[in-house]
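Participant: fold the following and give me the result.
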Amino acid sequence: MAELERFTVSLDGDLAAAFERLIAERGYKNRSEAVRDLLRGELERSRQTAEGEGHCVANLSYVYNHHERDLAERLTTLQHGQHDLTVATMHAHLDHENCLESVILRGATAAVRTFADALMAERGVRHGQVNLIAVEIDSGHDHQHGYVPRGKVRTHVHMKPKT
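Facilitator: Prediction:
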């Protein structure tokens, strides 16, 4: 674990009170944990804006009306067209018309962004939002544990969040 550094922050009374309410609403145990999360979030937003390159993992969520003409089929076709980026999809029925989907993505940041933007731009998709997290790619390595067919080696990469 990295060495902790301490610093002091001065806030005016209104901002301090608003921060204390935020801490209570989100269930933080202390100010330090809240400040760390706020900093991580802002650093990630800044990194995503500055670095358009590299790799990421992402969660793309959106709501759509499944009665919209051919929309479910168009969304599925888009996902199949980017099967190398799409890890998994969760589908939930909100009511008789509306569905919420959450798609887990991973890959080159530019490709993930382009795919997410295209999917959210489909006519009938509402409330689309993507959360990207930059990752460092650890080169593939072999694993011999777990079920592996005789004579085969399972190789995969690890993706470590940058923040």
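Participant: does the residue most central in space within the chain count as helix, strand or coil?
Facilitator: In the chain, the centroid-proximal residue (Cα atoms, centre = their mean) is residue 58; its distance is 3.0 Å. Here residue 58 is recorded as strand under DSSP: H, G, I helix; E, B strand; the rest coil.
Participant: thought it was touching residue 104?
Facilitator: Yes. Applying Cβ atoms under 8 Å, one finds residue 58 in contact with residue 104, separated by 7.4 Å. In this view, the C-beta of every residue, glycine as well, is placed from N, C-alpha and C.
Participant: from the chain's centroid, how far away is the longest strand seen in the chain?
Facilitator: In the chain, with assignment by DSSP state E, the single longest strand is strand 125-143. Centroid separation for strand 125-143 versus its chain: 7 Å, with Cα atoms, centre = their mean, to the nearest Å.
Participant: what average pLDDT does that strand get?
Facilitator: Mean pLDDT, strand 125-143: 81.
Participant: run through this structure and note the low-pLDDT ranges.
Facilitator: Applying pLDDT under 70 to the chain picks out residues 1, 45-52, 139-156, 163.
Participant: can I see the domain layout of it?
Facilitator: Per the record, the chain has its domains at 13-50, 55-161, by automatic domain parsing.
Participant: columns distance to residue 6 on top of these, output as CSV?
Facilitator: Listed next are the domains of the chain as CSV, based on distance: least, Cβ to Cβ, whole Å:
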stretch, distance to residue 6
domain 13-50, 9
domain 55-161, 24
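Participant: would you confirm that residue 124 contacts residue 66?
Facilitator: No. If you go by Cβ under 8 Å, residue 124 and residue 66 don't touch, sitting 9.2 Å apart.
Participant: output the longest helix belonging to this structure.
Facilitator: For the chain, the helix that runs over the most residues, judged by DSSP state H, is helix 31-50.
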